[in-house]
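1. Here you go, sequence then predicted model.
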Amino acid sequence: MYTRIQETARFLKEKIHAKPDTAIILGSGLGRLTEEIDIEQEIAYADIPHFPLSTVEGHSGKLIFGKLGGKDIMAMQGRFHYYEGYDMKEVTFPVRVMHELGIRNLFVSNAAGGMNPSFSIGDLMVITDHINMMPENPLRGKNIPTGPRFPSMHEAYDKEFIRTVDDIAATHGITLRHGVYIATQGPTFETPAEYRMFHLLGADAVGMSTVPEVIVAIHQGMRVFGISIITDLGGFGEVVEVSHEEVTAAADAAQPKMTLLMRELIQRI
Ligand code: HPA
């Protein structure tokens, strides 16, 4: 595993001109942030040795290198989901490669269902903590020596990043929610009973991604910032049916605010 990670990193190091400190993973329907990047290089996942290929509609599957907020960044347009059939090592492979490239900050975004009654569709929720309900932990198996066998998760989401983003949001009059993200394997959306259960467990939003990548990032000593776009609601009031199209439309509408927050966060770190 580690050999493959190193081979991929070596391939990318030979190709790329920049040396970014920060990587961004763009979630479902959240690819428009790339329009704000002064793109220097794009590399399709299909052209990267050992990289899995993304299969979901709305993900075009490439690494982007360029400048955002005047700083070098790497963006992943399209991520790998467990529900697509990848194992956890594949889902988190790019985050392992990021570490080898010297990346120290990871920003993650996703579309999520909200179950906090004070949330509305289109809200942005800063992830303050998570609950891992996926069937496997990405660190299962032989420990890769970028971190300890039993890594602490007491502050997976960097408090200073959260304070900075709160400050940026206040400056621009953007309302932000804070909350706990719970990760399921998907691909089913939740039943009303599952939504209620997740809320009872202490979660505010549910989605099918992010947590594996964050666990691996923390294992590698990276600082993490995570944000969910609330694309549908469940678990309280009227039960509404969710579709992939609605999720994509709500994510699309919230993209400009998310882009602004990420751009200014990069500027300030
Ligand atoms: N559940 C899980 N994943 C999601 C949802 C949801 O309601 N909305 C967007 N992604």
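-> Great, that's in hand. Please read all numbers here as calculations on a predicted model, not as lab measurements.

2. residue in this structure nearest to the ligand?
-> Distances from the chain to the ligand, computed as Cβ to the nearest ligand atom, single out residue 113 as the nearest residue at 2.1 Å. The way it works is simple: take the backbone N, C-alpha and C, and place the C-beta from them, glycine included.

3. So what sits opposite that residue in the bridge?
-> For residue 113, the beta-bridge assignment (DSSP bridges) gives partners residue 206, residue 232.

4. wait, isn't it in contact with residue 231?
-> Yes - proximity of residue 113 to residue 231 meets the contact threshold set by Cβ atoms under 8 Å, at 7.0 Å.

5. quick one: the strands in the stretch 151-269 of the chain?
-> Assigned strands in the stretch 151-269 of the chain, in chain order: 176-183, 205-207, 223-233 (criterion: DSSP state E, counting those that start in this stretch).

6. What count of nearby residues applies to residue 83?
-> Look at residue 83: counted by other Cβ atoms under 10 Å, it has 16 neighbours.

7. Run through the helices of this protein in chain order.
-> Residue ranges of the helices in the chain, as given by DSSP state H, are 2-15, 88-91, 93-100, 159-171, 192-200, 211-219, 244-268.

8. Serialize the ones you listed to TSV and add fields for distance to the ligand.
-> Below are the helices of the chain laid out as TSV (distance: least, Cβ to the nearest ligand atom, whole Å):
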stretch	distance to the ligand
helix 2-15	28
helix 88-91	15
helix 93-100	20
helix 159-171	21
helix 192-200	8
helix 211-219	12
helix 244-268	5
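
9. so of those, which one's packed in deepest?
-> When you average the neighbours per residue for each of those (mean count of other Cβ atoms under 10 Å), helix 211-219 leads with a mean of 26.

10. Can you name the residues of the stretch 51-200 of the chain that neighbour the ligand?
-> 111, 112, 113, 189, 190 (Cβ under 6 Å from any ligand atom).

11. Is it correct that the first one is in contact with residue 28?
-> It refers to residue 111. Yes - between residue 111 and residue 28 there is a contact at 4.8 Å, judged by Cβ under 8 Å.

12. which neighbours do the two share?
-> Overlap between the neighbourhoods of residue 111 and residue 28 consists of 247, 248, 251, taking contacts as Cβ atoms under 8 Å, 6 or more residues apart in numbering.

13. For the second one, which residues are in contact?
-> The neighbourhood of residue 248, defined by Cβ under 8 Å, 6+ apart, consists of 28, 29, 58, 111, 231.

14. burial measure for the last one, as a count.
-> Applying other Cβ under 10 Å, we find 29 other residues in the vicinity of residue 231.

15. tell me the pLDDT at it?
-> In the prediction, the pLDDT value recorded for residue 231 is 90.

16. what sits against it?
-> If you count contacts by Cβ under 8 Å, 6+ apart, then residue 231 has 111, 112, 113, 121, 122, 246, 247, 248, 250, 251 around it.

17. Quick check: the gap between the residue positioned nearest the centre of the chain and residue 181.
-> The C-alpha lying nearest the average C-alpha coordinate of the chain belongs to residue 108 (Cα atoms, centre = their mean; 2.7 Å). From residue 108 across to residue 181, the span is 10 Å (Cβ to Cβ, to the nearest Å).

18. what residues are up against residue 176?
-> If you count contacts by Cβ under 8 Å, 6+ apart, residue 176 has them with 124, 125, 126, 165, 166, 169.

19. quick one: contacts for residue 24?
-> Contacts were defined as Cβ under 8 Å, 6+ apart; by that measure residue 24 touches 33, 68, 73, 74, 75, 76, 106, 107, 108, 109, 262.

20. mind showing which ranges of the stretch 51-200 of the chain have poor pLDDT?
-> Segments of the stretch 51-200 of the chain classed as low confidence (criterion: pLDDT under 70) are 54-60.

21. 90 instead, please
-> 52-61, 69, 78-79, 120-121, 145 (pLDDT under 90).

22. want to try a markdown table for the shared contacts of residue 111 and residue 28, with distance to residue 209 and pLDDT as columns?
-> Conversion of the shared contacts of residue 111 and residue 28 to a markdown table gives the following (distance: Cβ to Cβ, whole Å; pLDDT from 0 to 100):
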| residue | distance to residue 209 | pLDDT |
| --- | --- | --- |
| 247 | 12 | 76 |
| 248 | 14 | 79 |
| 251 | 12 | 80 |
